[in-house]
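Undergrad: Need the 3D shape of this:
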Amino acid sequence: MKLIFCGLIMIVSLVSCNHKRNENSNSLSKTNDKEILELPINLKQYPDKKMAIKKWLNENYFKINADIKIEEIEDPANSLSIFKISLNGEHANSFENFYSFIYSQEDNKSYFIPVDYIQSYKINNTLMLGGIYSTREFEYYLIYALKKSSLKLILDSRKQGEYGLKIGYFRDDDCIVYKPNRLLYDFNAKNNTIKFTGTILNYCKPNFDRDTTQKEPINTKDVTIEYIYTNNQWIYSNKSNYIFW
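TA: Got it, this is the predicted structure:
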C-alpha cells in the first residue's frame, strides 16, 4: 500500500474569534494547526449523518463527486461520533487516502483531520484521539487533544529525530523492510502507554544499494516504540528500541 501525500491545498475563509459561527456557511475555519479544520456543519439536524458528511465534503472540500467510504464509530463515553473516511479509486494527489471526521456531540462541533483514526484516550480528564498519518510509503502517529472547544495536535512523530519516527513503511524492495508493514499497535490503559512493535530487516551493506537478487536480509532488529502519558504530555520512553532513519 502506497499512500500519496502532497498536502492540504485549500482556500479558507478566516473567521474572527468574536464572530458567531454561521452553521449554514460553507466556509472552513482553521484551528490552531494548519491541518485541523473545523467544519461549519450541524450534524444534529441530519438523521443520515454519513450522507450529510459525504455531500458536504464533495461540494465544499473535494469539489468533485469523490468515491467516499465512511465508517461510523460511536464513542458514547466521550460524547463523540468518529467517521473514518477513505477515498476510493483515482483522485488528485493533493488529497489524502484517509481522513477522520470528529463530531463532538457536547458542543456540536465537527473537525476534519488527515489521519486514519485508531483510538480515543481519556487521561486525567483530557480527551485525546490518535490516528495514523500517511505520506507516500511512510506512516506516522499523531495524537490530538480536544479541550476548551478546540482540537489541538499534541504528539507528532513526523517531528521526531531528523527524518521522523516511522511506525509504518510500505516498501519491500528497499534497504529497510518493516515486518509487519505497519508496526503492531497496543495501548495499556493501566499505565497510559502506547506501544508499537515489530521487526526491521536490513538488506544493504553500508553505503551500498540493495542487490535486487538478494532475498535474505543481512541482519534483523526487533523494535519497540513506546510513548507514556505523564505530567499531562506524551513522552517518548527510554524503553523504546528504535533507530531513527
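
Undergrad: How about the secondary structure of the spatially most distant residue from the centre of the chain?
TA: Going by Cα atoms, centre = their mean, the residue of the chain most distant from its centre is Thr213, 35.7 Å out. What DSSP: H, G, I helix; E, B strand; the rest coil gives for Thr213 is coil.

Undergrad: ok now the helix or strand containing Lys152, how far from the chain's centre?
TA: Assigned by DSSP states H and E, Lys152 falls within strand 150-156. Distance, stretch centre to chain centre, for strand 150-156: 11 Å (Cα atoms, centre = their mean, to the nearest Å).

Undergrad: Describe which strands that strand pairs with in its sheet and in which direction.
TA: strand 138-147 (antiparallel) (DSSP bridges).

Undergrad: so where's this structure uncertain?
TA: Across the chain, the ranges flagged by pLDDT under 70 are 1-33, 89-92.

Undergrad: 90 instead?
TA: Residue ranges of the chain with pLDDT under 90: 1-34, 42, 63-67, 87-97, 106, 147-149, 211-215.

Undergrad: ok, back up a step: I'd like to know how far the residue farthest from the centre of the chain sits from Asn219.
TA: Thr213 is 18 Å from Asn219, where distance means Cβ to Cβ, to the nearest Å. (Glycine included, C-beta is placed from N, CA and C.)

Undergrad: repeat for Ile167
TA: 21 Å.

Undergrad: and what of Glu38?
TA: 47 Å.

Undergrad: and what of Asn124?
TA: 41 Å.

Undergrad: now swap in Pro40 and tell me
TA: 53 Å.

Undergrad: Looking at the two, which has the bigger crowd around it?
TA: The neighbour comparison of Pro40 against Asn219 (other Cβ atoms under 10 Å) goes to Pro40, with 20 against 8.

Undergrad: Report the angle between the helix or strand hosting Tyr133 and strand 138-147.
TA: Secondary-structure assignment from DSSP H and E places Tyr133 in strand 126-135. For strand 126-135 against strand 138-147, the angle by axes from the mean of the first three to the mean of the last three Cα atoms, to 10 degrees is 160 degrees.

Undergrad: next one: strand 126-135 to chain centre, how far?
TA: That offset, for strand 126-135, works out to 4 Å (Cα atoms, centre = their mean).

Undergrad: Could you do stretch 222-239 as well?
TA: 18 Å.

Undergrad: likewise stretch 145-155?
TA: With Cα atoms, centre = their mean, you get 14 Å for stretch 145-155.

Undergrad: count of residues packed around the nearest residue to Asp116 once chain neighbours are set aside?
TA: Among residues not flanking Asp116 along the chain, Phe98 sits closest, at 4.0 Å (Cβ to Cβ, 6 or more residues apart in numbering). Using other Cβ under 10 Å, Phe98 is surrounded by 17 other residues.

Undergrad: Just confirm Phe98 contacts Ser134, I think it does.
TA: Yes - using Cβ atoms under 8 Å, Phe98 is in contact with Ser134, at 6.5 Å.

Undergrad: Report the separation between Phe244 and Ile235.
TA: With Cβ to Cβ as the criterion, Phe244 and Ile235 are 16 Å apart.

Undergrad: nope, Asn65 is what I was after
TA: 44 Å.

Undergrad: now do Leu201
TA: In this view, Leu201 and Ile235 are 29 Å apart by Cβ to Cβ.
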